[in-house]
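[1] Below are the sequence and a predicted model; questions follow.
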Amino acid sequence: MVRLQVASDVWAPAGLLSTLQAIETQMGRMHGGTAGGPRVIDLDLLMYGDTEMESDYLTLPHPRMLERAFVLVPLRDVAPKLVFKDGRNIDQVLAGLAYTLDGQTITQK
């Protein structure tokens with residue numbers, strides 16, 4: 001019997017983040033710019049299954065994920081039934097945020 005490896009067998013969270021940052025660099029992203037400023041690309045590791053961790057390099061789940069409509073709206077498209085540790089689903093979290101959605105433009109107040 002052949003066993004297929006899945007991503008969790010191959011990548012540890014810190015290794016995956018390092019790979020994402022390497023992709024950003026290869027695409028021309030310069031780290032250390034203005035926070036929230038324009039970027040060529042921005043890849044974040046939001047969650048890694050049920051993993052919870054906090055280090056100088058990586059915190060999981062992403063500590064500000066539930067405050068950002070621009071993260072949650074696309075995440076809802078990918079994982080509409082996702083329930084967070086606090087028991088809320090994406091729609092419940094979004095209901096508590098002041099944001100507008102105009103086509104694919106997400107503006108948070």
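    Yep, that arrived. All figures in this text were calculated on a predicted structure; none of them were measured in a lab.
[2] With adjacent residues omitted, what lies nearest to His62?
    Spatial nearest neighbour of His62, excluding adjacent residues (C-beta to C-beta, 6 or more residues apart in numbering): Leu46 at 4.6 Å. C-beta coordinates here come from the backbone N, C-alpha and C atoms, glycine included.
[3] How many residues are close by the one you found?
    14 (other C-beta atoms under 10 Å).
[4] Kindly report the same for Leu45.
    Number of residues near Leu45 (other C-beta under 10 Å) recorded here: 20.
[5] Next, the residue nearest to His62: secondary structure please.
    Here Leu46 is coil, with the state taken from DSSP: H, G, I helix; E, B strand; the rest coil.
[6] thinking it is in contact with Pro74, fair?
    No. Assessed by C-beta atoms under 8 Å, Leu46 is found out of contact with Pro74, at 10.3 Å.
[7] dump the residue contacts of the spatially most central residue of the chain.
    In the chain, the centroid-proximal residue (C-alpha atoms, centre = their mean) is Leu46; its distance is 3.0 Å. By C-beta atoms under 8 Å, 6 or more residues apart in numbering, Leu46 lies in contact with 61-62, 65, 71, 75.
[8] tell me the pLDDT at Met47?
    Looking at Met47, its pLDDT reads 95.
[9] count of residues packed around it?
    There are 17 residues near Met47, going by other C-beta under 10 Å.
[10] Now for it: which residues touch it?
    If you count contacts by C-beta under 8 Å, 6+ apart, Met47 has them with 60-62, 65.
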